[in-house]
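S.K.: the following block contains a protein sequence and its predicted model.
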Amino acid sequence: MVVARALDSSYAPLIMRPFAPSDSLPCLFALTLLLGGTAELQAVEPPSGFTALFNGTDLGGWRGGDTFDHRKYLALPEDKRAAQDAAWTADMKKHWSVEDGVLVNDGHGKYATTVKDYGDFELLVEYKTVAGADSGIYLRGVPQVQIWDRDKNPEGSGGLWNNSPGAPGKKPLVVADRPFGEWNKFRIIMVGSRVSVWFNGKQVVDHANMENYYDRSKPVPARGPIQLQTHGGEIRWRNVFIREIGSEEANRLLAWRGKEGFKPIFSGKAGGLGRPGRQLRGQGRRPGVQTRQGRDHLLQRGIRRLRGAHGVQASARRKQRARDSLSRPG
């Protein structure tokens, strides 16, 4: 008998839709054993639009990695990069294994790192850990969405722990960790340098800028690997899925969120861009746009389009499309 791991309906690729997890996954595997049958695990089928990073059977698609600047990693000569990969991966395989369709780390060794690099994405992942463990999820090779032992760290998991003290996103908005022995669920959206995190159905990071741990004067890399970092105690992972976000969807999301703390410069009349030389005013630069390579032209492109479509009417239509796309009911 073949039993595939069931997924609850909360896994849906809808940007900004709240993540509503279910506490009960069907126990078909256990039931089959109780009835005297045999069970054979099958690779998990990802939700529509997603790809499985972990296939449920082996470490295919993963290499070893460390806390290492991905830009410097890519700059290594090919032979040195291959040698570094081999050393990291050999160490990683000593401490990572697959048990009953679950990816298991013993609390030691190099990090499980995707062979493929990713740009903008939506990531789904579940984990279960033990007391004393300290872990995290590196995004594009940058630390990290933090995973804590809640008893030792009452602020809870899910924050961008390596952001500067006091920076938005460093500490989670709410504490949502489940007791040891229970599975926890993350939903993470990264567009440009902006990160939103839902943890066990509660939003803990809201479109916060992820700082570049390796060089805070530079933005995070435009692309990089997903890394599962572990040390201090056993941690188990399952249902690791990713959906790559295209440029059109990413631009809609940044534009939708960019209106916050950001004053319009259009008067509503043809050619009405205000006084010559007038600049945007608000809380710093437009969120997210300046940190994404290849997207720094977004604002000027928007201005040209609005000029050609007489300003407000075209802007209103685009905003409504963004609302329809980003706020679809779950």
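M.R.: Received, thanks.
S.K.: which residue ranges make up each domain of the protein?
M.R.: Domains of the chain are assigned by automatic domain parsing as 43-245, 248-326.
S.K.: would TSV of those domains with mean pLDDT be doable?
M.R.: Shown next, in TSV, are these (pLDDT from 0 to 100):
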stretch	mean pLDDT
domain 43-245	96
domain 248-326	52
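S.K.: single out the most deeply packed of those.
M.R.: Ranked by average neighbour count under the criterion mean count of other C-beta atoms under 10 Å, the domains of the chain are headed by domain 43-245 at a mean of 19. For the C-beta atoms, the positions are set from N, CA and C on the backbone; glycine is no exception.
S.K.: and the closest residue to Lys202 other than its chain neighbours, what does it touch?
M.R.: With sequence-adjacent residues excluded and distances taken as C-beta to C-beta, 6 or more residues apart in numbering, Lys202 is closest to Ala176, at 4.4 Å. By C-beta atoms under 8 Å, 6 or more residues apart in numbering, the residues touching Ala176 are Gly156, Ser157, Gly158, Phe199, Asn200, Gly201, Lys202, Val204.
S.K.: recalculate using a threshold of 10 Å.
M.R.: 150, 156-158, 184-185, 197-204 (C-beta atoms under 10 Å, 6 or more residues apart in numbering).
S.K.: keep only those of these that are in helices.
M.R.: Judged by DSSP state H, these include no members of helices.
S.K.: tell me how far the spatially closest residue to His70 that is not a sequence neighbour lies from Gly246.
M.R.: Spatial nearest neighbour of His70, excluding adjacent residues (C-beta to C-beta, 6+ apart): Gly141 at 3.6 Å. Using C-beta to C-beta, to the nearest Å, Gly141 is found at 21 Å from Gly246.
S.K.: quick revisit: distance to Leu123 added to the contacts of Ala176, as JSON lines?
M.R.: Putting the contacts of Ala176 into JSON lines (distance: C-beta to C-beta, whole Å) gives the following:
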{"residue": "Arg150", "distance to Leu123": "22"}
{"residue": "Gly156", "distance to Leu123": "19"}
{"residue": "Ser157", "distance to Leu123": "15"}
{"residue": "Gly158", "distance to Leu123": "13"}
{"residue": "Asn184", "distance to Leu123": "14"}
{"residue": "Lys185", "distance to Leu123": "11"}
{"residue": "Val197", "distance to Leu123": "10"}
{"residue": "Trp198", "distance to Leu123": "11"}
{"residue": "Phe199", "distance to Leu123": "12"}
{"residue": "Asn200", "distance to Leu123": "15"}
{"residue": "Gly201", "distance to Leu123": "16"}
{"residue": "Lys202", "distance to Leu123": "17"}
{"residue": "Gln203", "distance to Leu123": "15"}
{"residue": "Val204", "distance to Leu123": "14"}
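S.K.: for the stretch 51-200 of the chain, just list every one of the helices.
M.R.: 70-75, 78-95 (DSSP state H, counting those that start in this stretch).
S.K.: if we can go back for a sec, for the contacts of Ala176, which one is nearest Gly136?
M.R.: The nearest member of the contacts of Ala176 to Gly136, counting by C-beta to C-beta, is Ser157 at 8.7 Å.
S.K.: who's in contact with that closest one?
M.R.: Residues near Ser157 by C-beta under 10 Å, 6+ apart: 127, 129, 135-136, 145-150, 172, 175-178, 184, 186, 197, 199-200, 204.
S.K.: Ala112 contacts Arg236, doesn't it?
M.R.: No. Contact between Ala112 and Arg236 fails when scored by C-beta atoms under 10 Å: they sit 11.9 Å apart.
S.K.: give the residues shared as contacts by the two.
M.R.: Common contacts of Ala112 and Arg236, defined by C-beta under 10 Å, 6+ apart, comprise Leu103, Asn105.
S.K.: on that earlier part again, now, which of the contacts of Ala176 sits nearest Trp88?
M.R.: Trp88 lies nearest to Ser157 out of the contacts of Ala176, by C-beta to C-beta, at 25.3 Å.
S.K.: how close does that closest one sit to Gly201?
M.R.: The gap separating Ser157 from Gly201 is 14 Å, by C-beta to C-beta.
S.K.: go on, Glu248?
M.R.: 28 Å.
S.K.: how about Lys185?
M.R.: Here the criterion is C-beta to C-beta. By it, Lys185 lies 8 Å from Gly201.
S.K.: can you check Pro77 too?
M.R.: In this view, Pro77 and Gly201 are 46 Å apart by C-beta to C-beta.
S.K.: test my guess that Ala90 contacts Trp96.
M.R.: No. Using C-beta under 10 Å, Ala90 is not in contact with Trp96, being 11.5 Å away.
S.K.: identify the contacts common to the two.
M.R.: Here Ala90 and Trp96 have Gly64, Gly109, Lys110 as joint contacts, going by C-beta under 10 Å, 6+ apart.
S.K.: please name the residues that touch the first one.
M.R.: When you say that, I think you mean Gly64. Neighbour list for Gly64: 84-96, 109-113, 227 [criterion: C-beta under 10 Å, 6+ apart].
S.K.: now Gly107. Nearest residue, chain neighbours left out?
M.R.: Sequence neighbours aside, Gly233 is the residue nearest to Gly107 in space, at 4.6 Å (criterion: C-beta to C-beta, 6+ apart).
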